[in-house]
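*Asks:* Prediction below, plus the sequence it came from.
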Amino acid sequence: MPSPAVLDAARAPAAWRALALVGGLALVAALPFAVKTFFVFQITLAVIYAIAILGLNLLTGFNGQFSLGHSAFYAVGAYTAAIMMDADISYVWTLPVAAVACFVSGFLFGLPALRLGGTYLALATFALAVATPQLLKASFLEGWTGGVQGISIIKPDAPFGLPLNADQWLYFFTLGVAAIMYVGAVNLVASRAGRALIAIRDHPAAASAMGINVALYKSLAFGTSALYTGVAGALGAIAIQFVAPDSFTVSLAIALFVGLVVGGVGSIAGTLFGGAFVLFVPNIAEQVSKGLAGAVYGVILILLIYVMPTGAAGLARWLGRRAAR
C-alpha cells in the first residue's frame, strides 16, 4: 500500500488543477464587468474564431485533410444567422440551423474531395474560398444575401431582465456555446469514431484493412468540421451585426489556418490560443506601424513559429515536462 507521503504527492497535482479551474472560471465570470465593453467584444470574437479553428482542427489535425476554404463554411453559417434574424427569427435558433446547413454542405463537398489528397485537396478548398464571395454577390441570390450591400442585424439584448448589456450577454452566450462545442470535440476524439479518424490520418491503407469505411469517415469529418465553423460564423454575424460577401475572403481562410498552426495542429486546447492570435496579432501589428502592418505581422508569425515549432500546445507540453523534472 502506498505511503501517506506518496498519496499526498499524487493528490497535489489534482488539487492544483482544481484550484486553477476554479480561479479560471472566476476570472472568466468577472472579466466582462472589469474591462471596457470593446474589449469584451474582442474576447467574444476571439472565442468565436477559436470555435472555427477547432472545426478546422478536427479535419486537419485529427483526420489529416487539409483545407484552405473554411471561410466558405464560416460564410454559410453567418448568412444563415443573418437571414433568419432579418426575418425576425430568434438568434438562438440560428445556431442549430447553421450547424445543419454547414454539416450538409461540408459532407457534400467532402464526397467529391475523396479523390483528392494533400496539396490537391488544399487547392480545391482554396478554390471554394475564392468562389464563395463572388457567389454571394450573384444577382439570383441578392434577394436573400443583400448582394454587395450585405445584411445588417441587431445584436440581441440579455433575456429574462438580466442586468447585462448586449455585449456582456453575448460574451456569456458565446462561452456557453463554446463549452458545449469543446466538450463535444473532446468526446468525439476520445470515441470510437475519433480513433477511426486518427487511424485514417496516420495510415489510410491500414485503417481500411481494419474494416474502417475510409470514404464515409472522411466525408463525416468534413461535415463535422464545417458544422463547427458554421456555428462560429453564425455567432460572428450576431456579434458584428453585419454580413457582406467581402467579409469572407481567402484572407479569412488563411487566417484560420494560421491560427490552427500557431495553436498547435491536433490540439483542442491550442485552438483558444489560435483564436486569440487571429484577432489580436493583426491589431498589434497595425498599432506598431500602419504602413508596414503586413511586415510586422509576418515578423511576429515567423518568431512565434521559431519559438513554438509545434504551436502553443507543444510549448505548453514542453514547459510541463520541464516543470515536472
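*Replies:* Perfect, I can see it now.

*Asks:* buried ones in stretch 39-56?
*Replies:* Residues 40-56 are the ones in stretch 39-56 that count as buried (16 or more other C-beta atoms under 10 Å). Placement of C-beta: from N, CA and C, glycine included.

*Asks:* Low-confidence regions, the chain specifically.
*Replies:* Within the chain, the ranges that satisfy pLDDT under 70 run 1-18, 20-21, 324-325.

*Asks:* Would you map the helices across it?
*Replies:* Secondary structure of the chain by DSSP state H: the helices cover 4-34, 37-60, 70-86, 91-110, 119-136, 142-145, 166-190, 192-202, 204-209, 214-240, 250-263, 270-288, 293-307, 311-324.

*Asks:* So what touches the last one?
*Replies:* Spelled out, it's helix 311-324. Residues outside helix 311-324 that contact it (C-beta atoms under 8 Å, 6 or more residues apart in numbering) are 261-267, 269-270, 273-274, 307-308, 310.

*Asks:* got the buried residues for stretch 84-95?
*Replies:* Those buried within stretch 84-95 under the rule 16+ other C-beta under 10 Å are 84, 85, 91, 94, 95.

*Asks:* before we move on, what about stretch 152-171?
*Replies:* Across stretch 152-171, burial judged by 16+ other C-beta under 10 Å covers 153, 155, 156, 158, 164, 166, 167, 168, 169, 170, 171.

*Asks:* Would you mind putting the CA coordinates of it into CSV?
*Replies:* The C-alpha trace of stretch 152-171 is given here as CSV (Å, rounded to 0.1, in the frame of the first residue of the first chain):
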residue,chain,number,x,y,z
SER,A,152,-27.4,44.4,-41.1
ILE,A,153,-28.9,42.8,-37.9
ILE,A,154,-29.5,43.9,-34.3
LYS,A,155,-27.4,42.5,-31.5
PRO,A,156,-29.8,40.7,-29.1
ASP,A,157,-30.4,42.0,-25.6
ALA,A,158,-30.0,39.9,-22.5
PRO,A,159,-33.1,37.8,-21.8
PHE,A,160,-35.1,37.5,-18.6
GLY,A,161,-34.3,41.0,-17.5
LEU,A,162,-30.6,40.1,-16.7
PRO,A,163,-28.6,43.2,-15.7
LEU,A,164,-26.2,42.8,-18.6
ASN,A,165,-25.7,44.9,-21.7
ALA,A,166,-25.8,43.3,-25.2
ASP,A,167,-22.0,42.7,-25.4
GLN,A,168,-21.8,41.1,-21.9
TRP,A,169,-24.7,38.8,-22.7
LEU,A,170,-23.3,37.8,-26.0
TYR,A,171,-19.9,37.1,-24.2
